[in-house]
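Undergrad: Mind looking at a prediction? Sequence and model below.
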Amino acid sequence: MASNCQIPTPEQYVEKLLDNVGYIAHLYNKTFLENSCGEGNILKVAVRRYIESALSDGYTKDEIKEGLESHFVGYDIDQKCVIKCTHALNLVAEVFGIIEVKWNITQRDYLRCEPHEYDYVVGNPPYITYHDLTDDQRSFLKKRFLSCNKGRFDYCYAFIEAGMRDLSSIGRLAYIIPYSILRNKFASTTRNIIKPKLKKLIDYKGIEIFPSILTSSIAIICDAQNSEMFEYVNMSSGWTKEVFKEEIKEDWIFETKNEGAKRFGDYFKVSNSIATLLNDAFIFNIDGQDNDYYYVNEYKIESMLVYNAISAKSGKMTKGQTAQKKA
């Protein structure tokens, strides 16, 4: 399994996820699932809110302890994560004088568990591409989940489908998932699963949620009741709009207020892209040039092989050229 399956969710985004599903007050007797809990970044915030809410509503510490044992469920396939998560939850409970909680946090693969209803499903599903899955994993997911029965699906598609499946009649779901789901042709079934229950889509493109991770993200906020429209929020610009679901096409593309702005595609046609993760092999500073060559240190590069570079993110011309360092 790829190492990118364990990416802790920063606390500020956990708070936002919980706020968006209304996990704020009167939480006693409400069930909560974190189906890839990792070291407990999401659960420990939810547990703190649960205890504070229950105390405010007059429940005793013994009643709250029973609630923590019966109302919270967590899964992870990594036993080390389960141990760390349990320890983190104990520290939260101990602040309120609640000890020896028998947490229902287990080392299991949520995708292989039988369906069960929850009032809240909140998480950051594993970001694992089709290419990083084993043949056995691909085979299992294709048989078990509609979202994975064809094409090059991502691992998180199954978590989205299973999370939707496990919502109670009053259930609410909040996930941080890859931005690529909005347009990937192999995610079309997943989008169709999300759409009926989608209440809010928060677009974090261009915002670094996870340090050192290049993947752009969105958050989806859903509940068990279908609706005709949802709120789209672009966090980079602060722009929001109400979107009628019947107007959404195959790809989910949302207009922005910068309708007059130019995009990379307005200037260049890119047929194939290459991700080298080594930008300095293609962008370099010029030490000198003439009609035939660019000069870089002791190297000279034929000018016919070199093109000006432009930033796809900012749209600004980069003072450099695209070519390998060695001629």
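TA: Everything's here; your move. Numbers count the residues shown, from 1 in each chain.
Undergrad: which residues of the stretch 51-200 of the chain fall in strands?
TA: Using DSSP state E, counting those that start in this stretch, the strands assigned to the stretch 51-200 of the chain run over residues 72-76, 105-107, 118-123, 167-178, 198-203.
Undergrad: among those strands, which is nearest residue 254?
TA: In this view, the strands of the stretch 51-200 of the chain are compared for proximity to residue 254 by Cβ to Cβ, and strand 198-203 is the closest at 7.3 Å. Any C-beta I mention is one placed from the backbone N, CA and C, and that applies to glycine too.
Undergrad: going on from the closest one, what's the next piece of helix or strand?
TA: Next in sequence after strand 198-203, counting helices and strands by DSSP states H and E, comes strand 217-223.
Undergrad: How far does that next one sit from its chain's centre?
TA: How far strand 217-223 lies from its chain's middle: 9 Å, per Cα atoms, centre = their mean, to the nearest Å.
Undergrad: Quick check: can you name the pairing partners of the helix or strand just after it and their directions?
TA: Next helix or strand after strand 217-223 toward the C-terminus (DSSP H and E): strand 229-234. Counting by DSSP bridges, the strands paired with strand 229-234 are strand 198-203 (parallel), strand 239-244 (antiparallel).
Undergrad: Need the strands of the stretch 51-200 of the chain in JSON lines (columns: distance to residue 152, mean pLDDT and mean neighbour count).
TA: Conversion of those to JSON lines gives the following (distance: least, Cβ to Cβ, whole Å; pLDDT from 0 to 100; neighbours: other Cβ atoms under 10 Å):
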{"stretch": "strand 72-76", "distance to residue 152": "25", "mean pLDDT": "97", "mean neighbour count": "24"}
{"stretch": "strand 105-107", "distance to residue 152": "29", "mean pLDDT": "97", "mean neighbour count": "17"}
{"stretch": "strand 118-123", "distance to residue 152": "23", "mean pLDDT": "98", "mean neighbour count": "25"}
{"stretch": "strand 167-178", "distance to residue 152": "13", "mean pLDDT": "96", "mean neighbour count": "21"}
{"stretch": "strand 198-203", "distance to residue 152": "23", "mean pLDDT": "97", "mean neighbour count": "21"}
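Undergrad: Now distance to residue 296 too, for those, in a markdown table please.
TA: Written out in a markdown table, the entries for these read as follows (distance: least, Cβ to Cβ, whole Å):
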| stretch | distance to residue 296 |
| --- | --- |
| strand 72-76 | 49 |
| strand 105-107 | 53 |
| strand 118-123 | 48 |
| strand 167-178 | 37 |
| strand 198-203 | 39 |
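Undergrad: who wins for proximity to residue 148 among those?
TA: Minimum separation from residue 148 across these (Cβ to Cβ) falls at strand 167-178, 14.5 Å.
Undergrad: picking up where we left off before, which one of the strands of the stretch 51-200 of the chain lies nearest to residue 241?
TA: With distances scored as Cβ to Cβ, the stretch of the strands of the stretch 51-200 of the chain nearest to residue 241 is strand 198-203 (10.4 Å).
Undergrad: so what's residue 75 up against?
TA: 34-37, 105-110, 113 (Cβ atoms under 8 Å, 6 or more residues apart in numbering).
Undergrad: so what's it closest to, chain neighbours aside?
TA: The spatially closest residue to residue 75, leaving aside those adjacent along the chain, is residue 110, at 4.1 Å (Cβ to Cβ, 6 or more residues apart in numbering).
Undergrad: how close does that neighbour sit to residue 99?
TA: With the distance defined as Cβ to Cβ, to the nearest Å, residue 110 ends up 28 Å from residue 99.
Undergrad: the more surrounded of the two?
TA: Neighbours were counted for residue 110 and for residue 99 using other Cβ atoms under 10 Å; residue 110 has more, 23 against 10.
Undergrad: Is it correct that the more buried one is in contact with residue 159?
TA: Yes. The pair residue 110 / residue 159 is scored as a contact, 7.3 Å apart, by Cβ atoms under 8 Å.
Undergrad: Next one: the nearest residue to residue 196 once chain neighbours are set aside from residue 245, what distance?
TA: Distance criterion Cβ to Cβ, 6+ apart; nearest residue to residue 196, sequence neighbours excluded, is residue 226 at 4.4 Å. The span separating residue 226 from residue 245 equals 9 Å under the rule Cβ to Cβ.
Undergrad: Likewise for residue 116?
TA: In this structure, residue 116 and residue 245 are 28 Å apart, going by Cβ to Cβ.
Undergrad: Compare the strands of the stretch 51-200 of the chain and give me the one nearest residue 42.
TA: Distance to residue 42, taken as Cβ to Cβ, is lowest for strand 118-123 among those, at 5.8 Å.
Undergrad: So what are the sheet partners of that closest one and their directions?
TA: Counting by DSSP bridges, the strands paired with strand 118-123 are strand 32-34 (parallel), strand 167-178 (parallel).
Undergrad: I am finished for the moment; much appreciated.
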